[in-house]
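# task: produce atomic coordinates for the following.
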Amino acid sequence: MKLEELQTMWDEDCVIDNTQLGAQSTNIPYLHAKWRRLLSTEVVSLANMIRDQKQLIREKQECYEIGETKESREKGWEMPPRGKPIAKALIDKYTASDKDVLEMEFNVNFQKEKVDFVRDVLDSIRWRNAVIKNAIEDFKLKQDIDALKRRVVIEK
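Just a heads-up that it's a prediction; the model follows:
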C-alpha cells in the first residue's frame, strides 16, 4: 500500500463527529483492529525488504569480488569502469554506492516511514477515548456556561 493511501485513510478515520461521541467511542476497537492489521502487513513487507536488501548486498559484493558472471549479466549489472574484480578493501565502498543497492536502501527507508506512520496512527487511536472524553467535558462546560448566562439574564 502506498503512503499516500495510508494518509488518505487516516484523514478519513481521524475525524471525530462531535454529534455522535458515543458512537465514536464504540468505534475505537474497529479502528484499532483495522490499523493493527495494516501495521502487521507493513511490518512484514519491511522485513521482506530488509531480507532482500541483505541478499542483494551479498550478491553485489560477490560480483565485485569475482567479476562479471553470466548471472550478473542476466541481471543487467555493470562492473565498475575497469571491468575487473575489485580489491576486497574496496568492495564495501563500491557496494555502498551501487545504484541497485541505493535504490533498495531508499525503498527500505520509505517502508520504515510507512511503518512509523501506522504506529503513530495507532498511538492516536489509543488516545481517542481521552479526546472524546475531553469533547464531552467541553460540551458540558459550554452547556453550564449557557445556563449560567440565561440565569443571569433572567435575574436582571
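# lowest average confidence, helix or strand, in this protein?
helix 128-155 (a mean of 83; mean pLDDT, DSSP states H and E).
# all helices for this protein, in order.
Secondary structure of the chain (DSSP state H): helices located at 3-13, 21-26, 28-66, 70-74, 88-96, 99-126, 128-155.
# and the ones you listed: which comes nearest Pro80?
The closest of the helices of the chain to Pro80 is helix 88-96. By Cβ to Cβ, the value is 6.1 Å. Quick note: C-beta positions are derived from backbone N, CA and C, even for glycine.
# who's in contact with that closest one?
With contact meaning Cβ atoms under 8 Å, 6 or more residues apart in numbering, helix 88-96 is reached by Ile57, Lys60, Gln61, Tyr64, Glu65, Pro80, Ile86, Val101.
# can you rerun that using 10 Å?
56-65, 79-80, 85-87, 101-102, 105 (Cβ atoms under 10 Å, 6 or more residues apart in numbering).
# now the buried members of the residues you listed.
Buried members of those, counted by 16 or more other Cβ atoms under 10 Å: Leu56, Ile57, Glu59, Lys60, Gln61, Cys63, Tyr64, Met79, Ile86, Val101, Glu105.
# can you put those residues in JSON lines and add distance to Asp146 and pLDDT?
As requested, the buried ones among the contacts of helix 88-96 are arranged in JSON lines below (distance: Cβ to Cβ, whole Å; pLDDT from 0 to 100):
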{"residue": "Leu56", "distance to Asp146": "65", "pLDDT": "96"}
{"residue": "Ile57", "distance to Asp146": "66", "pLDDT": "95"}
{"residue": "Glu59", "distance to Asp146": "71", "pLDDT": "92"}
{"residue": "Lys60", "distance to Asp146": "70", "pLDDT": "92"}
{"residue": "Gln61", "distance to Asp146": "72", "pLDDT": "91"}
{"residue": "Cys63", "distance to Asp146": "75", "pLDDT": "87"}
{"residue": "Tyr64", "distance to Asp146": "75", "pLDDT": "86"}
{"residue": "Met79", "distance to Asp146": "78", "pLDDT": "77"}
{"residue": "Ile86", "distance to Asp146": "78", "pLDDT": "79"}
{"residue": "Val101", "distance to Asp146": "65", "pLDDT": "96"}
{"residue": "Glu105", "distance to Asp146": "58", "pLDDT": "98"}
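# alright, that wraps it up for me.
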